[in-house]
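here is a sequence with its predicted model. Questions after.
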Amino acid sequence: MTLMLKIAAVAAIFLGEALSICAELIASRQFGKTGGDLTILWPMFLLVCLGGILLVFGYALGYMHLQNIWIIVAISVGAILIVEPMLTFLLFRDVPTAGSLIGLVLGGFGVLAAIFL
């Protein structure tokens, strides 16, 4: 059962980071198109709130079952390094630079190392 809770904690952190980053990227994209229309801020605010709730849940659940905050922090930073380049490519169709790809690969290895070592 504890393995399932660890997986749930990691999934909540990844989903929370993904929702927060997605809201940031969509808001910045819409501001670029419409010249600063403030109507996009409310849905993005709600999306960031949902992402924040998932992040707090993931951190709390992860700390309860992993007993080491550094593992949770490494997973969170790794999630940012993995999710942000992928969402940027999907939303903006912008090809990542070599540094972004290296960060993506190292972030993936960091998350795997934090979980399994």
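Yep, that arrived.

from now on I want contacts and neighbour counts done on CA atoms only, so please keep to that.
Fine.

got a list of what the residue nearest in space to the middle of the chain touches?
For the chain, the residue whose C-alpha lies nearest the mean C-alpha position (CA atoms, centre = their mean) is E17; its distance is 2.2 Å. Contacts for E17 (CA atoms under 8 Å, 6 or more residues apart in numbering) come out as G51, G52, L55, S76, A79, I80, V83.

looking at the residues you listed, which are in helices?
Taking DSSP state H as the definition of helices, the contacts of E17 contribute G51, G52, L55, S76, A79, I80, V83.

and the longest helix for this structure?
Counting residues, the longest helix in the chain under DSSP H turns out to be helix 2-34.

so where's the chain uncertain?
Across the chain, the stretches falling below the confidence threshold (pLDDT under 70) are 1, 34-36.

mind running it again at 90?
Where the chain drops to pLDDT under 90, the residues are 1-7, 10, 26-42, 62-117.

centre of the chain to stretch 104-117, how far?
Distance of stretch 104-117 from the chain centroid (CA atoms, centre = their mean, to the nearest Å) equals 14 Å.
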